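Enquirer: could you work out the structure for the sequence below:
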Amino acid sequence: MDRLRDVVRAGRRLYLPVQDWAIGLFGKVARRGNYIKQRIEGDDPLRDASRAAIYVHFDRDGIVHDYVVHQLCELVGAGYRVTFVSNAPQLPVESRARVQPLCKELIWRFNTGYDFGAYKDGIASIAELKRIDSLVLMNDSVYGPFWNLRDVLAGVDRSAVDFWGIADSFENKYHIQTFFMMFMPNALRSTAFKRFWTSLLYIDHRMWVIRNAEVKLTQVLQEARLKTGVLAPYGAVAATARERLARHAPPGFERGAFERFRAQVMNDGVVNPTHFFWDVLITDYACPFIKRDLLTTNPNGVPGTSRWPQLIAARSGYDVGMIARHLKR
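Expert: Just a heads-up that it's a prediction; the model follows:
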């Protein structure tokens, strides 16, 4: 059985690069259009700011939910001039009205290339990128922040890092998770950063985007000797979670579910920290976000997620009702 697993892994290692090459070739030939439907001026409350943010939105009905407005307010409060990029199939007048007072511009586009296609178009809309002091890329796949974003970002040692995020991962290869990333001048002015975005293809294939955009962005910048950092490093977070699991089951865990979960985590395998260690991230590392899909679909079957309202409310003044209202849709 072990030999069969090794053969399967070897086959995947050979197959995936070929698959990615073929998908990329198709993208070069067929994906050369303009995917922007409309540009809409915002009130641009921070037109003189030296910090910029690209915020990516998707909702099947084009609704801009309360938690999204809160995130935009937090970005503005942290001094970021926001470009709002929506991949939604529709963008009603009511949704536009919620966003315009907070943003420089609204870009409504097709969902081609998913979040990274939107990031690419948003970055291209910044006229003087090299003059920007800080660039944040953020999307609506998380709830939060549970604490003031200005304070969270003020804690980043900008002299020690060139690009930074909330959490990192070793799934596929090492990378910063791309729901929230911040880039400092050394990264923004680098050839590696510019080349990555100008060469990025608009591809509608989820795993291709993960391997060739989400993971590759960190890899490319590290290869250019740019320094990276995160709020909650995987190794430290995993060690904290494993030490806790070795002692007792957290509240809300059924016995059987806990044993299965502990076996999966304790074997030193690589897991998604924002799912498997979501509670430790908040309680021990002051992670200001929780992944939306953890609460909506829980794809990994992580037990104990029903504790989220109490856990957040006990440590933060964040209105958990914003999450509850979105989950009831």
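Enquirer: what helix or strand is the nearest residue to Ala224 once chain neighbours are set aside on?
Expert: Excluding the flanking residues, the one nearest Ala224 by C-beta to C-beta, 6 or more residues apart in numbering is Ala192, at 3.6 Å. Backbone N, C-alpha and C define where each C-beta goes, glycine included. Using DSSP states H and E, Ala192 sits within helix 191-199.
Enquirer: distance from that helix to the middle of the chain?
Expert: How far helix 191-199 lies from its chain's middle: 19 Å, per C-alpha atoms, centre = their mean, to the nearest Å.
Enquirer: list of residues touching it?
Expert: For helix 191-199, the surrounding residues in contact (C-beta atoms under 8 Å, 6 or more residues apart in numbering) are 119-120, 123-124, 183, 187, 216-217, 220-221, 223-224, 226.
Enquirer: can you go through the residues you listed and name the buried ones?
Expert: Tyr119, Lys120, Ile123, Phe183, Ala187, Lys216, Leu217, Val220, Leu221, Ala224, Leu226 (16 or more other C-beta atoms under 10 Å).
Enquirer: mind listing what's buried along the helix holding Ala192?
Expert: Burial within helix 191-199, assessed by neighbour count using 16+ other C-beta under 10 Å, is assigned to Ala192, Phe193, Phe196, Trp197.
Enquirer: what is the nearest of the residues you listed to Asn34?
Expert: Using C-beta to C-beta, Trp197 comes nearest to Asn34 of the buried residues of helix 191-199, at 16.0 Å.
Enquirer: so what pLDDT did that closest one get?
Expert: Note on Trp197: pLDDT of 98.
Enquirer: could you give the number of residues near Pro273?
Expert: 28 (other C-beta atoms under 10 Å).
Enquirer: same question, Thr83
Expert: Using other C-beta under 10 Å, the number of residues around Thr83 comes to 23.
Enquirer: how about Val270?
Expert: So Val270, with other C-beta under 10 Å, has 13 neighbours.
Enquirer: remind me which helix or strand Glu74 belongs to.
Expert: Judged by DSSP H and E, Glu74 forms part of helix 66-77.
Enquirer: before we move on, what about Gly165?
Expert: Using DSSP H and E, the element containing Gly165 is strand 163-169.
Enquirer: how far does the helix or strand following that strand sit from its chain's centre?
Expert: Next along the chain after strand 163-169, taking DSSP H and E as the criterion, comes strand 175-176. Chain-centre distance of strand 175-176: 10 Å, with C-alpha atoms, centre = their mean.
Enquirer: pLDDT averaged over strand 175-176 - what is it?
Expert: Averaged over strand 175-176, pLDDT sits at 98.
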